[in-house]
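In: based on what follows, work out the 3D shape:
(one chain, ligands or ions: 1)
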Amino acid sequence: MIDRLLDIVLYRFTNLKNDSNDNIVPQITTGTIVFGALIRFFFLTLLCWGMIQYFYLYDHWFLLFMIIMGLTFYPAYRQWEHFHNRVDEMQDSTLCGSCKHFEPSGQLCRPLDEHVSNSYIPCDGQSWEPKFIEIENLR
Ligand code: SF4
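Out: You can find the predicted model right below:
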């Protein structure tokens, strides 16, 4: 728990190495990316606001603004890229990836509200339904 919190706040990428499609519960999802970015944004804004007030950096507010953006959105973008690549891989290689109930943004099975992985299919394939395929594409 504390390691995870430090990963988010300190922008360490240790969790990227631990995050894979084999984890039953994914470490990185859209929710964790947004949550991490909001936490970083909140604390960095407080810190920069304090620095501006304390050191009278009113003329350099843009530099501090760029620091906030870089330390908030760049890590979020890196994690988003990693997450998308991983879910794309899962969609190509698992039964859930070809099911219409699969929600890629959360790596979830919608009706069962559970995370899916390479090794865990919550319905055991019983509720699988194919994704909608446009008829024009088949002609
Ligand atoms: S219904 Fe079954 S196959 Fe479809 S996403 Fe959910 S667990 Fe996977």
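
In: up against the ligand, what does this protein have?
Out: 95-96, 99, 101-102, 109, 112, 116, 121-123, 125, 127-128 (Cβ under 6 Å from any ligand atom). In this view, the C-beta of every residue, glycine as well, is placed from N, C-alpha and C.

In: can you say which of these are buried?
Out: Cys96, Cys99, His101, Phe102, Cys109, Val116, Ile121, Pro122, Cys123, Trp128 (16 or more other Cβ atoms under 10 Å).

In: tell me who's in contact with the nearest residue to Gly125 once chain neighbours are set aside.
Out: Spatial nearest neighbour of Gly125, excluding adjacent residues (Cβ to Cβ, 6 or more residues apart in numbering): Leu95 at 5.8 Å. Residues near Leu95 by Cβ atoms under 8 Å, 6 or more residues apart in numbering: Ile121, Gly125, Trp128.

In: these two touch, right, Gly106 and Thr32?
Out: No. With contact defined as Cβ atoms under 8 Å, Gly106 does not reach Thr32; the gap is 10.1 Å.

In: give me the more crowded residue out of those two.
Out: Neighbours were tallied for Gly106 and for Thr32 using other Cβ atoms under 10 Å; the higher tally belongs to Thr32 (18 against 15).

In: now the more buried one: phi and psi?
Out: phi -70, psi -30 (degrees, to the nearest 10).

In: now do the strands in this structure.
Out: For the chain, the strands defined by DSSP state E occupy 102-103, 108-109, 114-115.

In: reformat these as a markdown table; add mean pLDDT.
Out: A markdown table is the format used below for the strands of the chain (pLDDT from 0 to 100):
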| stretch | mean pLDDT |
| --- | --- |
| strand 102-103 | 92 |
| strand 108-109 | 94 |
| strand 114-115 | 92 |
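
In: which intervals of this protein have sub-threshold pLDDT?
Out: Within the chain, the ranges that satisfy pLDDT under 70 run 4-17, 133-139.
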